[in-house]
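S.K.: let's see this in three dimensions:
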Amino acid sequence: MAFTEIRLAGDWNTNRGPVQVYHKGRWGYICGDVSWDKNDAEVVCRQLGFDGAKSNSTTEKIKKNVPFWLQEVNCRGNEPLLSLCLHRGWGISNCPQNHLAVAECKG
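M.R.: Now for the predicted structure:
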């Protein structure tokens with residue numbers, strides 16, 4: 001299933017924050033596991049209308065019991081949409097609650 005709605009969430013700057021995707025009528029997070037890298041952040045930032053990514057990281061700021069919709073996201077970096085990147089599957093996650101994928105976008 002493809003998704004088109006993504007956002008940078010939280011009380012951060014408008015160009016930096018935990019990445020969320022909309023699925024099954026609910027916003028959820030992407031796991032910031034070892035596969036989350038700058039290529040993934042590049043795709044997210046470009047999809048959101050930025051010039052690309054400054055950096056990628058993870059954060060421990062999270063509310064309890066929020067869904068992780070995606071884990072092991074693997075983008076080459078040139079995809080126009082995050083939905084075209086490989087991932088483990090919707091809702092298939094054993095991500096610790098403190099590993100949110102974060103993107104910091106240019107501009």
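
S.K.: excluding chain neighbours, what is closest to residue 81?
M.R.: residue 47 (5.6 Å; CB to CB, 6 or more residues apart in numbering). Just so you know, the C-beta spots here come from the backbone N, C-alpha and C atoms, and that holds for glycine as well.

S.K.: could you do residue 99 as well?
M.R.: residue 32 (4.4 Å).

S.K.: which phi and psi does that neighbour have?
M.R.: Phi and psi for residue 32, reported as degrees, to the nearest 10, are phi -90, psi 60.

S.K.: let me know the distance separating it from residue 17.
M.R.: Between residue 32 and residue 17 the computed distance is 12 Å (CB to CB, to the nearest Å).

S.K.: neighbour count for these two, which is higher?
M.R.: Each of residue 32 and residue 17 has its neighbours counted (other CB atoms under 10 Å); residue 32 has more, 25 against 20.

S.K.: identify the bridge partners of the residue most central in space within the chain.
M.R.: The residue lying closest to the centre of the chain (CA atoms, centre = their mean) is residue 19, at 3.5 Å. Note on residue 19: beta-bridge partners by DSSP bridges are residue 8.

S.K.: was I right about it contacting residue 31?
M.R.: No - counting by CB atoms under 8 Å, residue 31 is not a contact partner of residue 19; they are 10.0 Å apart.
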